[in-house]
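Novice: My questions are about this predicted structure, shown below with the sequence.
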Amino acid sequence: MKKLMYAVLALTFAQLSFSQAQIENGNFDGVWEDVSGSEDEPIEWSSLKTGSPGWIAAFAPIVAFKETNDPHSAPTCVRLEVINSSGVDATGIITNGRVGVDTNPDNGDVHTNAGTPGQELVFNDRPDSLVFWVKHEPMGGDKSKIEVILHDNSAPGVLPETGSTAHWVGRARIDVTATHTSWTRYATAFNYYNNSTPDYLLCVIAGGDSTIAVEGTQFWVDDVELIYNPIICEINPSATQNIDVGVDGTMLTVTEQANAATTQPTAREWKYSTTAGGPYSSFSPTETGTTYTPNFASAGIYYVVCESDFGSQMVTSNEVEIVVTDPNSNTVTVTPSAMQTILTDENGDLLTATETPSAASSREWKVSSTSGSGYASFSPAETGTTYTPLFSTVGTYYVICESDFSGDVQISNEVIIDVPSSAGIHSDEINFSIFNKEGMIQLEFESQATDAVLNIYTVDGKQVYQKTVNQGITYHEVSQPTGVYIYRLVYDNHVISGKINL
């Protein structure tokens, strides 16, 4: 039996991000247009009923149907079916071009109808792959297919090809032979013939195998999409490096991967900036290999990138932070650094400022009630290399030494000084106890105060636990190694602190 022959060209629906093109209405959820004397057609698509020439197409059977029952994504998909009409099995077909109908089935085609909206797709991108979802019920060994060609405007875009494909830029095609009663994902990569930019995309979807299609074959299609792979330009290891002046760091390696729209880079350059995000400067001499080993002659923080030339795009990699220090730079360190708990008007342990590589020209001890900021002078000022903590007011204090090395001002580490309201557990106002019970901290706190805050610190002042508590007995699981820790309970204007074993 003679069959109508119609090739199938795949539809593509591309990501909207990065302005990368997709085929219009690739999920068939747009308007379905009225076609005289037939089932509606999805907008931007044509079937046999709108083929050319019109006088032949008018006698063609309906082969494309709107499906609202079980689409892959609501509300609709398209169903194509091989229909026998006057002894001819007509392939179920739609295209984003136009179907060429002929009395001789072997002369049928699909083609880009340039200049006619809805029957052409102007297209200037280079996708990497084609993805779509199908259900398929073939009859008698029949098969269906989706095919896409990207072509320039030097010759008409036609499927099947006419013996010359010099104007073809790329092609993707999948034949579907298996039966699929549930939605199944298919994907295939584009094969590119040259580095040109296409002018058009022609897509055909066919239920049934062209001129040998079998009556009754059905092909459901939904969510046709073009995939654009990301361009990769990535430096590893990406972790911050801490190195000394003039000393090699860990070698950095750039990984580069092109996509279909670019070429694998043959040129690159490593650059740096002293400001995150650039602008970036060239090294001297320039670094152009796939690896670079950090080495800087001056202390500072540097941000290293690799700029890779992918032909049509220059791509900048991730930044790698390189912290460069001078081992002979000025520093000041306060010891002992452990947190101290002392009573009001009671001397704490003597603090000593150690300055390197030599003593500072001047210094001053300062204090804040907020960690990391707001340091103020003592009254009178403390300017020696040692300082003994002493406070007349309950609170938590953060002490540092600020050393001036002839204009280079350096700030030491913080030492926490905790000054509670009493050293004991009981007072006239509260009943308080805290102890380790079977690996848990049990806190008994009875007072008129509410919303007290319990903090647990390591002996060097690192907070490892915080919890708001009220009156009564509470239990606290502190997931830390066994050892001695500092507790601190703050309520109203009171502070209670001490040591506890975990």
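Specialist: Cool, got the structure.

Novice: did I read that right, Lys49 in a helix?
Specialist: Yes: using DSSP: H, G, I helix; E, B strand; the rest coil, the assignment for Lys49 is a helix.

Novice: where's it relative to Ile56, distance?
Specialist: 11 Å (C-beta to C-beta, to the nearest Å). Any C-beta I mention is one placed from the backbone N, CA and C, and that applies to glycine too.

Novice: Over to Ile93?
Specialist: From Ile93 across to Ile56, the span is 15 Å (C-beta to C-beta).

Novice: Those two: which is more packed in?
Specialist: Ile93 (33 against 15; other C-beta atoms under 10 Å).

Novice: For the helix or strand containing the more buried one, name the packing helices and strands.
Specialist: In this assignment (DSSP states H and E), Ile93 forms part of strand 92-95. On a contact count with 3 or more C-beta pairs under 8 Å, 6 or more residues apart in numbering; DSSP states H and E, strand 92-95 meets strand 64-67, strand 77-81, strand 200-207.

Novice: Mind jotting down where the helices sit in the chain?
Specialist: Ranges of helices within the chain are 54-57, based on DSSP state H.

Novice: Would you mind checking which helix or strand in it has the lowest mean pLDDT?
Specialist: strand 3-4 (a mean of 30; mean pLDDT, DSSP states H and E).

Novice: where does the stretch 151-300 of the chain dip in pLDDT?
Specialist: Applying pLDDT under 70 to the stretch 151-300 of the chain flags no residue at all.

Novice: got it, and the stretch 1-150 of the chain?
Specialist: For the stretch 1-150 of the chain, the ranges with pLDDT under 70 are 1-19, 36-39, 55, 102-106.

Novice: try 80
Specialist: 1-19, 35-39, 54-59, 101-108 (pLDDT under 80).

Novice: Just grab the bridge partners of Lys66 for me.
Specialist: Val78 (DSSP bridges).

Novice: close enough to count as contact, Gln20 and Arg126?
Specialist: No: using C-beta atoms under 8 Å as the test, Gln20 is too far from Arg126 to be in contact (9.4 Å).

Novice: Compare neighbour counts for these two and give me the winner.
Specialist: Arg126 (23 against 15).

Novice: So that one is in contact with Tyr192, correct?
Specialist: Yes: here Arg126 reaches Tyr192: they are 7.0 Å apart, a contact under C-beta under 8 Å.

Novice: Common neighbours of these two, please.
Specialist: Each of Val169, Gly170, Ala260 lies in contact with both Arg126 and Tyr192 under the rule C-beta atoms under 8 Å, 6 or more residues apart in numbering.

Novice: Compile the residues you listed into TSV and extend it with columns for neighbour count.
Specialist: TSV is the format used below for the shared contacts of Arg126 and Tyr192 (neighbours: other C-beta atoms under 10 Å):
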residue	neighbour count
Val169	22
Gly170	21
Ala260	18
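
Novice: which one among the residues you listed gets closest to Gly141?
Specialist: Gly170 (30.1 Å; C-beta to C-beta).
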